[in-house]
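Q: Just to be clear, the model below is a prediction. Sequence and coordinates:
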Amino acid sequence: MTAGGKPQLVVIIAHHEWLRARLASVFQEADPSRYAHEVYPTFDAFLDTGCPADVDSFIIDDDVSLHQCVSSHRKITGRLLPVIRITDPETPEAARCTEKLPMSEVFGSKQVRADLLFTTLKYLNEVNTVIHEMGNLQSAIELADKTNTRFFQYMSHELSSPLQAAKTLQANIALLDDIDEIKSNARISTIAITHVLDAINNISEYVRVSKNQLSLQQEIFDVGSVLEELVCLFREHAAHKGLELVLALPSALDCQYKGDKLRLRQVLVNLIKNAIKFTEEGQITLSACRHGDTLRISVEDTGIGMAPELVADILGRNGYTPGADFDGGLGIGLMLSREFLASAGGHLDVESAPGKGSRFTAVLPNEFYVQHPEQPLRATG
């Protein structure tokens, strides 16, 4: 029986009718919950059935051409299926196969006994399962090694570069006389240091998510103030690429929101940084609106956009894909954003097309609060 609970499917291919009949009778008397079998006179007849994908083992006679066909089939499918060969002493020497396939056993026709066949099949399939698991383990090790390499490349570039820039700018401040230049250098230093802190926060949050240790805080805060702060923080960064970062808020959004302020801010930081990264000209618009009982905050850019399959991958990926970018560009930043929003009962919407820009929208359901002069906050629908 296979790991999934299905009976093992054994395909019998033999030119001799007596051998087919003998093997078929052995399997007909076997436990049908453990073994199923199909019998064919030639390999072409097996091919004509479409080659069932759930074959677990082959039993074949000692024919050179049949041996070669099974060997080719294993190479094409990439599956090391166990093979038992049955030899007939009366077969002329020139027609016998002298090569032994990997993962195979050879029996004389007089040794075709049920106990011997089933013991050998069980042994070969157990060995095959171990080989398959070892292959999966090797693939996992290689993928982990690749992920680690990309992570340290990220650490080197994403953390070292802005820190070096901030260090240089701070050193230059002491040499400057113009107050405007000093202020400009200070602002750029702040952006660089903030970039590093955001990256470190993403890594820390990724560890929490991977260990299922994510917990959200609940506080009441002003949505507009958070968005204005982010625009001020990234406006200089966008301007360095010749981009305009604008805030579009309707007057009706004069409300407070109950949720995790820091994590919402982190979601928007990731979305804004992605927008700046993938936009070469035009503008990036940060907007928000209330739609029914949800809060929708969008980051829209005029950048390169994405193909539909990439949008589907972003929305459909359940977790971070090892080997993907760690730099917040369609990698760990978006994964964390999805996790945060989902934990808060919301989700991430993505609209994009190649060459037409993208719009990422954080959708959050929760209570809204309107501030009335000299009155406490009250919930509103």
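A: Arrived safely.
Q: In terms of secondary structure, what does the host helix or strand of Ser225 contact?
A: Assigned by DSSP states H and E, Ser225 falls within helix 223-240. Helices and strands touching helix 223-240, by 3 or more C-beta pairs under 8 Å, 6 or more residues apart in numbering; DSSP states H and E, are helix 179-210, strand 244-248, helix 261-277, strand 283-291, strand 294-301. Yep, even glycine has a C-beta here, placed from its N, CA and C like the rest.
Q: quick check: angle from that helix to strand 244-248?
A: Inter-element angle recorded for helix 223-240 and strand 244-248: 160 degrees (by axes from the mean of the first three to the mean of the last three C-alpha atoms, to 10 degrees).
Q: What residues of helix 223-240 count as buried?
A: For helix 223-240, the neighbour count (16 or more other C-beta atoms under 10 Å) marks Val223, Gly224, Val226, Leu227, Leu230, Val231, Leu233, Phe234, Arg235, His237, Ala238 as buried.
Q: coming back round to it: got JSON lines for the helices and strands packed on helix 223-240, with distance to Phe340 too?
A: Putting those into JSON lines (distance: least, C-beta to C-beta, whole Å) gives the following:
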{"stretch": "helix 179-210", "distance to Phe340": "8"}
{"stretch": "strand 244-248", "distance to Phe340": "22"}
{"stretch": "helix 261-277", "distance to Phe340": "5"}
{"stretch": "strand 283-291", "distance to Phe340": "17"}
{"stretch": "strand 294-301", "distance to Phe340": "12"}
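Q: now those in JSON lines, with mean neighbour count?
A: As requested, these are exported to JSON lines (neighbours: other C-beta atoms under 10 Å):
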{"stretch": "helix 179-210", "mean neighbour count": "16"}
{"stretch": "strand 244-248", "mean neighbour count": "15"}
{"stretch": "helix 261-277", "mean neighbour count": "22"}
{"stretch": "strand 283-291", "mean neighbour count": "18"}
{"stretch": "strand 294-301", "mean neighbour count": "21"}
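Q: Show residues contacting the helix holding Ser225.
A: Under the criterion C-beta atoms under 8 Å, 6 or more residues apart in numbering, residues 187-188, 191, 194, 244-247, 249, 253-257, 261, 264-265, 268-269, 272-273, 276, 284, 286, 288, 295, 297 lie in contact with helix 223-240.
Q: Just the helices from this structure, written as ranges.
A: In the chain, the segments counted as helices under DSSP state H are 17-28, 43-48, 64-77, 114-154, 160-173, 179-210, 223-240, 261-277, 308-316, 332-343.
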